[in-house]
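A.B. asks: coordinates only, no sequence provided:
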C-alpha cells in the first residue's frame, strides 16, 4: 500500500479488502480477486484498499484491474477512485504478476483469517 499512496500522493488510512467481522465485504472481495465475479466499479477495477469505517467507494478507495493470463494473475492499471469523479490513475507502478496457484492460496488464506 505504501507504494500506491506514495505514487498517488493520497490518503494513508485505508484498510485491505478483507477485514474481520465484515463477512459480506470479504465474500465479495474474494470473488472479485479470484475473478469469479466482475468488479462493480464503472472503471472495471477491483477495490483492494477501502475506507476503514464503511468500505464504501464514496469515501475513496484504491483499485486495480485484475486479469488472468494462462497460469498468472496480473494486477495493473491502479487508480484512486471515489465513484463520482473520474478515477485518478496512479502512474509509474508496473503490473504485479502472481503465479495462479500461489495467488489463489494466499487470497483464500487471507479470506479465512
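C.D. replies: Structure's in. What do you need? It should be emphasised that the depicted structure is a prediction, and the values quoted were computed from it without experimental measurement.
A.B. asks: how about residue 33, nearest residue that isn't a chain neighbour?
C.D. replies: With C-beta to C-beta, 6 or more residues apart in numbering as the criterion, residue 33 has its nearest non-adjacent residue at 5.0 Å, and that residue is residue 107. (Each C-beta comes from the backbone N, C-alpha and C, glycine too.)
A.B. asks: which residues does that neighbour contact?
C.D. replies: Residues near residue 107 by C-beta atoms under 8 Å, 6 or more residues apart in numbering: 30, 33, 34.
A.B. asks: may I ask which of these has the most neighbours?
C.D. replies: residue 33 (23 neighbours; other C-beta atoms under 10 Å).
A.B. asks: does that residue touch residue 39 like I think?
C.D. replies: No: the criterion here is C-beta atoms under 8 Å, and residue 33 misses it with residue 39 at 10.0 Å.
A.B. asks: please identify every residue contacting each of these two.
C.D. replies: Residues touching both residue 33 and residue 39 by C-beta under 8 Å, 6+ apart: 46, 66.
A.B. asks: rewinding a little: let me know the closest of the contacts of residue 107 to residue 83.
C.D. replies: Proximity of those to residue 83 (C-beta to C-beta) peaks at residue 33, which lies at 19.3 Å.
A.B. asks: if I look at the closest one, how far off is residue 103?
C.D. replies: The gap separating residue 33 from residue 103 is 8 Å, by C-beta to C-beta, to the nearest Å.
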